[in-house]
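S.K.: turn this into a structure:
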Amino acid sequence: MSHTPPRTFGTLAPAMVTPFHEDGSIDLDSAQRLAGRLVDDGSDTILLSGTTGESSTTHQPEKNDLTDAVREAVGDRAFILCGAGSNDTAHAVRIAEGAQAHGADGLLVVSPYYNRPSQEGLRAHVLAIAEATDLPIMLYDIPGRTGLAFSDDTLDILAAHPRITAVKDATGNVEQGVERMHRTGLEYYSGDDGLNFAWMTGGASGFISVVAHIAARHYRRMIDLLDADQVWEARELAYSLRPLVAAVMGGGQGAVMAKHAVHLQGLISSPAVRLPLVQAHGEQVARLEQAMRDADLL
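M.R.: This is a model prediction of the structure:
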């Protein structure tokens, strides 16, 4: 008999890019077209204004406009998860309040980067955001970017809050995550495409994916296979996606490569990014295009 974990935030969530016009302004038409395709291809959640959405270089009015546009495009067919990350707690609270006002269903809260507070400061930061809205919260543990990991004690304390229910784990440490998942009762979501299968077999609820921009149908199939206890078939599917994962995540910055991928598919008008990100070199794009052709995605 198959058993599935709780899934407050769905199962398959592309960490959606924020499309821009060539002049750097936000392209809401492309955002709506892309979000619609991602849901059509099996995504039940869309993450907006996360790392891949260039959250550090988009501003609150733009984030709110993006949330409005994507909600209009997908209606109630998908859960809308919005990043509410900043190293300024007051700013993060304003982002969270704006997300709720513009139709978000949940918030992704990353640890404050650069200023690297203590664990006490990290807890106070998260709790201030949690108290600012009525939305469920997924913590985002990605110390490779923030320089600040969530400790065991911090997760134990935060897990007691009724609206803090999940963790997106991009630590690369599946063994640690599985232990934390069992100890805290928090839902865990894979934050590394190369580890999606490993996380799911360890009991994760789903994954938040960059590669799902172009492989959502494959990942939906993987989740369905695992839910049906067809682990070997899911393993073979995961293995077949390794070249694609390498082309998107190993050939350059994930947001950059994901934009090139969906631009190659004609879903966004331009692969433009905002500095300090720059577009990929021709060789990187050529490798990506070949991997997409090999996977029958072009």
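S.K.: from memory E97 sits against A132, does it?
M.R.: Yes: assessed by C-beta atoms under 8 Å, E97 is found in contact with A132 at 5.6 Å. Every C-beta, even on glycine, is put in place using the N, C-alpha and C of the backbone.
S.K.: who's more crowded, the two?
M.R.: Between E97 and A132, counted using other C-beta atoms under 10 Å, A132 has the larger neighbour count: 19 against 16.
S.K.: in the one helix or strand A35 maps to, what counts as buried?
M.R.: Under the criterion of DSSP states H and E, A35 resides in helix 28-40. Buried positions in helix 28-40, judged by neighbour count with 16 or more other C-beta atoms under 10 Å: 28, 30-39.
S.K.: and of the residues you listed, the nearest to L288?
M.R.: L34 (16.7 Å; C-beta to C-beta).
S.K.: separation between the nearest residue to the closest one once chain neighbours are set aside and E289?
M.R.: Nearest non-adjacent residue to L34, counting by C-beta to C-beta, 6 or more residues apart in numbering: L267, 4.8 Å away. Here L267 is placed at a distance of 15 Å from E289 (C-beta to C-beta, to the nearest Å).
S.K.: these two: who's more crowded?
M.R.: L267 (21 against 16).
S.K.: distance-wise, check that one relative to D27.
M.R.: From L267 to D27 the distance is 11 Å (C-beta to C-beta).
S.K.: next: G144.
M.R.: Between G144 and D27 the distance is 29 Å, computed by C-beta to C-beta.
S.K.: those two: who's more crowded?
M.R.: D27 (22 against 9).
S.K.: what's the nearest residue to that one once chain neighbours are set aside in contact with, if anything?
M.R.: Take D27 and drop its neighbours on the chain: the residue closest to it by C-beta to C-beta, 6+ apart is P19, 4.1 Å away. P19 makes contacts with 26-27, 30-31, 34, 259, 268-270, as judged by C-beta atoms under 8 Å, 6 or more residues apart in numbering.
S.K.: pretty sure V167 sits in a strand.
M.R.: Yes: applying DSSP: H, G, I helix; E, B strand; the rest coil, one finds V167 inside a strand.
S.K.: which two in the buried residues of helix 28-40 are spaced the farthest apart?
M.R.: Most distant of those, by C-beta to C-beta, are L28 and V39, 16.4 Å apart.
S.K.: helix, strand or coil for C82?
M.R.: Here C82 is strand, with the state taken from three-state DSSP.
S.K.: and it, bridged to which residues?
M.R.: Beta-bridge partners recorded for C82 (DSSP bridges): L48, L107.
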